[in-house]
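1. need a structure here:
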Amino acid sequence: MDKTVDLINVFPFYGYENNTLISKEKGCISFCIEIELPEIYSLDENDFSEFNQVFSNVISTLGPNTLIHKQTYFLKEIYKPTKERLLSNELFKSNELHFKDRPYLKCKTYLYISKVPKNYINFSSKRVNSFLNKKQPFFVDNIIPKDFLNKELLIEFKSRVEAVCSVFNESSIMKAKLLDYNGIFGENNLLDTFFNLDFSNTSYNDVSFEKNTINVGNKQIQFFTLENLSQFEEDAKFEYIFHDKFTLDNNPFPVSNTFPLGFKINHEHVINEYIYIPDENTILNKLRKKAKSFLKFSSNDQDDQNAIYANQIYDFNTEILENHKLVVFYHLNVMGISEDSHSFLDMKNTIQRAFDKIKINVNINSIDRKNLFFGAIPGNAIGIAPDLYLPMSSDLAASLMYAEGEYRDNSQAVDGMKVIDRIQGRPLILDVYKAPEKDGLIFNRGMLIASGSGGGKSYFANHYLNSELNIGSEAIIMEAGDSYDKTTEFHDGVILEHNDNNPFTFSPFGLDQYDYTIDKEGKHSLTEDKVLKLVTLVNLITGTSKDEKNQIGALNYEVKKTVIENLIVNYYNEAWQQNQTDFSFNAFFDYTKEHLESYLSAKKIDRLVFDSNAFIFLLEKYSADGARPNLLNKSDDRIKNLVNEKVVYFKLRNLIDNELLFPITAFMIMDIFTKKLTDKSKSHINKIIVVDEAWKALDKPELEDYFNFLTRAARKDGGQPIFISQKVDDFAASKVIKNAIIINSHIKVFLDMRDYMDTFKENVQDLMGLTNKQKQIILSLNRDIPDGQKYREFAICWKDKIKAYGLETSSQERCIYETNPNERHKINLIHKENNYDWTRTIHDYN
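-> I've put the predicted structure just below:
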């Protein structure tokens, strides 16, 4: 049985000074850097080229006699609900409880850079970690080699380390931070993490190397090592490999060469990667001598191993010199961790299978366990025996580096949309627009949601709406179905549905506090917003639109629009002069009928440009004597005060196919949204309008100017138009819709797009202006969901950026968002039994 020793006697560091660890072993000096790896499933082929170039640059920056140790932890944590969300509404509370105690692997990556003695690679492996056999007094006089006492050498080394940090921070995919005393020795520090194999435990555990294994407290450890070139099953290694389930014939999906060693191992583990940078001339000369030695003992046989080895060495040297590469020595190990004997066996099998996937015959290494453990201590990479390294080119070593880190989203934020990561179901909070606005990723909140049939677009929209309504946002919803009735009811909103017995009516010419201003002299004036709305409405009902293909037609349109604007403004001015306040469409019609001819004559406008008879005829339809006298002349009590409601749901099923009524009704509904935008008391909240499929009937050239206004107003006043469709090509049905939706929606959400798999480029990518990376990620959705897991994935684009998440909800939330007819019937029965109390219904539904 091994003797028991105090940690202080086996602690590998002699001292610390100026962010530098001084090792007892050979007096090596080391800096510790925290690395932020790219988020998993976020890299394309160009990103991998950049990733590999970053590590190649790190190697060339540091120069000879440097040892790099990259260490990536995957340690278990348990999701703890956010207190503020538990105290929120029942849906937020149920969501938090749904994820309560869910385990996941938290990932952190560090880079330790050590200055080591010359020819370190030639040191005897038997004398590794020799400090363990020395008494404390030895280190008083014999710790630091003379080379390391050279002040200029230390200054240069620190400068190179700082340059390495700059290499990372100047890249577009990674960040680096040099750790100071607190990061290494402070609360929840780097060394605590290693000796406890826990990110939050600060009480050190006993470490045992007995019985051919390693135990850290109650955790058992097994090392898996790559230490010989013969362990590679394939000679060629490339910049990356392809994810087998995500990759399609028309959609390659790259991941790092060592991707299977990361999150795909569902046990705690640590990836340790080491690169030793030697003096190149010395190593190449040594390799040449070795090749000559092989040739000396070779025969003339074709299969002579000595000759084969010699030729391999010569080929390697040639590749290095001709391609201006560097020679390095590389070692990789994975430190598997388990908490009991049953999981230990499963852990071993899982890690072995992971190495099999990357064509490496891994060595289950117990013989070197002590050196591997001490060599894995942050800053003590010199503890790895030199004979565990294999020579290779620097670019190959760079391509073997593990690349995929965890999602950077906050899991404990209060505000935002609850989602999960794609790899392990870790709960996260997605900031849909606030952080992207702050970071300059988007300049407006306009959102487009698209999916194939049954892709879950309404489910996503309900979940997003609930997250926004709970923090004070307000919403107006227009849809031809029943997807949002339960969300509206849950938030005590208003549901309105048009029918012939009780049709919607409006009074657009009536004025409220948002529609006019009064100057110092008491003169009344319409706001620009109100003028535009009324001009648009009159254009809409008279069919006045721009013909851009015809210059004369475009000019005539501007003349007509100006005539209409002047008629509107003059009508109100005359009414104010006469102290009239009973404004209406009827009164405007009477004014127009009386003054239009004389106005056109005074302005010498030809009848071919503006046909007054046709204009009056079309307006008359909506006057007191027309076919639809109430539509624009009667204030609807259901509608007139909606600007103050938190959520309003217009169900337009009975209007959607009415080409005459629907555009007018939809336009008037959107006017409620614009009033919310201009209400100064609502300036601090998000104002949302959801147009689910119903936007198709808004495809009117007469609405182009209004849509442009709506976009500007939403951007300026904190509004968010959301357009939803399952037929993506409908978004480009006309210039009006394309400009209003595609161009002005800086946020685009895609759910399952398998319906467009074969035509994605022409029907989606080109239409939406998506990058190849965005295409790559969108087409990977829902292709690797674990068996038994019930969630759907979605991708969200902020202009040219993209991330993908999973959408998983509690049964209580599913009760509110469910659109399946059979489930809706079941829910309605439960709701009736509970006297229409949603709080009780959501808990009874399962």
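
2. would you mind checking the average pLDDT for stretch 114-130?
-> In this model, stretch 114-130 has a mean pLDDT of 80.

3. residues contacting it, please?
-> For stretch 114-130, contacts defined as CB atoms under 8 Å, 6 or more residues apart in numbering pick out 12, 23, 25-26, 28-30, 65-69, 145, 147-148, 153, 157, 276, 278-279, 282-283, 329, 370-371, 374-375, 379, 381-389. From N, CA and C alone the C-beta is placed, and that goes for glycine too.

4. got the buried residues for stretch 615-633?
-> By neighbour count on 16 or more other CB atoms under 10 Å, the buried set for stretch 615-633 is 615-616, 618-619, 621-623, 626, 628-629, 631-633.

5. going by distance to residue 514, which of the residues you listed wins?
-> Taking CB to CB as the measure, residue 632 is the one of the buried residues of stretch 615-633 closest to residue 514, at 18.6 Å.

6. how far away is the closest one from residue 690?
-> As judged by CB to CB, to the nearest Å, residue 632 and residue 690 stand 25 Å apart.

7. just to revisit the earlier point, how about the buried residues of stretch 615-633 in a markdown table, adding pLDDT?
-> Shown next, in a markdown table, are the buried residues of stretch 615-633 (pLDDT from 0 to 100):
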| residue | pLDDT |
| --- | --- |
| 615 | 94 |
| 616 | 96 |
| 618 | 95 |
| 619 | 96 |
| 621 | 94 |
| 622 | 95 |
| 623 | 94 |
| 626 | 93 |
| 628 | 92 |
| 629 | 93 |
| 631 | 92 |
| 632 | 94 |
| 633 | 93 |
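
8. check the gap between residue 48 and residue 61 for me.
-> 20 Å.

9. what bridges to the residue at minimal distance from the centre of the chain?
-> With distances taken as CA atoms, centre = their mean, the chain has residue 803 as the residue nearest its mean C-alpha position (3.1 Å). Residue 803 has the following beta-bridge partners by DSSP bridges: residue 796.

10. isn't it right next to residue 42, touching?
-> Yes. Here residue 803 reaches residue 42: they are 6.7 Å apart, a contact under CB atoms under 8 Å.

11. which residues do those two both contact?
-> Common neighbours of residue 803 and residue 42 (criterion: CB under 8 Å, 6+ apart): residue 777.

12. between residue 48 and residue 61, tell me which one has more neighbours.
-> Neighbour count, other CB atoms under 10 Å: between residue 48 and residue 61, residue 48 has more, with 22 against 16.

13. for residue 280, give me the pLDDT.
-> So residue 280 comes in at 81 (pLDDT).

14. need the nearest residue in space to it, chain neighbours excluded.
-> Spatial nearest neighbour of residue 280, chain neighbours left out: residue 327 (5.4 Å); criterion: CB to CB, 6 or more residues apart in numbering.

15. repeat for residue 490
-> Excluding the flanking residues, the one nearest residue 490 by CB to CB, 6+ apart is residue 838, at 4.9 Å.

16. that neighbour and residue 816 touch, don't they?
-> Yes. Assessed by CB under 8 Å, residue 838 is found in contact with residue 816 at 7.4 Å.

17. who has more neighbours out of the two?
-> Between residue 838 and residue 816, counting by other CB under 10 Å, residue 816 is the more crowded of the two (27 against 21).

18. who touches both of residue 838 and residue 816?
-> Here residue 838 and residue 816 share the contacting residues 486, 490, scored by CB under 8 Å, 6+ apart.

19. ok so, going back, would you mind measuring from the residue nearest to residue 490 to residue 85?
-> Taking CB to CB, one finds residue 838 at 18 Å from residue 85.

20. could you do residue 210 as well?
-> Taken as CB to CB, the span from residue 210 to residue 85 is 46 Å.

21. between the two, point out the one with more neighbours.
-> Comparing residue 210 with residue 85 by other CB under 10 Å, the one with more neighbours is residue 85, at 22 against 9.

22. does that one really touch residue 414, like I thought?
-> Yes. Between residue 85 and residue 414 there is a contact under CB under 8 Å: 6.3 Å.

23. I figured residue 481 hits residue 650, correct?
-> No. With contacts counted by CB under 8 Å, residue 481 stays clear of residue 650, the gap being 11.6 Å.

24. compare the two and say which is more crowded by neighbours.
-> residue 650 (26 against 15).

25. helix or strand right after the helix or strand where that one lies?
-> In the assignment (DSSP states H and E), residue 650 maps to strand 647-651. As assigned by DSSP H and E, the chain's next helix or strand after strand 647-651 is helix 661-678.

26. quick one: list the elements packing against that next one.
-> When contacts are defined as 3 or more CB pairs under 8 Å, 6 or more residues apart in numbering; DSSP states H and E, helix 661-678 packs onto strand 474-479, helix 528-542, strand 687-692, helix 704-717, strand 719-725.

27. what residues sit buried inside whichever helix or strand comes after the longest one?
-> Tracing the chain past helix 528-542, the next element assigned as helix or strand by DSSP H and E is helix 551-577. Of the residues in helix 551-577, 556-557, 560-561, 563-565, 567-568, 571-572, 575-576 count as buried by neighbour count, 16+ other CB under 10 Å.

28. list the buried ones in the helix or strand following helix 551-577?
-> Under the assignment DSSP H and E, the closest C-terminal helix or strand after helix 551-577 is helix 585-602. Using 16+ other CB under 10 Å as the burial criterion, the residues of helix 585-602 that qualify are 585-589, 591-592, 595-596, 599-600.

29. likewise stretch 383-391?
-> Buried residues in stretch 383-391, defined by neighbour count with 16+ other CB under 10 Å: 383-391.

30. cool, and stretch 88-108?
-> Going by neighbour count (16+ other CB under 10 Å), the buried part of stretch 88-108 is 88, 90-96, 98-99, 104-105, 107-108.

31. what does stretch 448-459 give?
-> So, applying 16+ other CB under 10 Å, buried residues of stretch 448-459: 448-452, 455-459.

32. how about it as CSV, C-alpha atoms only?
-> Taking Å, rounded to 0.1, in the frame of the first residue of the first chain, the C-alpha atoms of stretch 448-459 are listed here in CSV:
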residue,chain,number,x,y,z
LEU,A,448,-40.1,36.2,-39.7
ILE,A,449,-41.0,32.7,-38.6
ALA,A,450,-41.0,29.9,-41.3
SER,A,451,-41.3,26.2,-41.2
GLY,A,452,-42.6,23.3,-43.3
SER,A,453,-46.0,21.8,-42.6
GLY,A,454,-46.3,20.7,-38.9
GLY,A,455,-42.9,22.2,-38.1
GLY,A,456,-44.1,23.9,-34.9
LYS,A,457,-44.2,27.5,-35.9
SER,A,458,-47.3,28.4,-33.8
TYR,A,459,-45.9,26.5,-30.8
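
33. do you know how far residue 230 is from residue 362?
-> Noted for residue 230: a distance of 12 Å to residue 362, by CB to CB.

34. which residues does the closest residue to residue 81 other than its chain neighbours contact?
-> Leaving aside its chain neighbours, residue 81 sits nearest to residue 96 (3.7 Å; criterion: CB to CB, 6+ apart). Residues in contact with residue 96 (CB under 8 Å, 6+ apart) are 81-82, 85-86.
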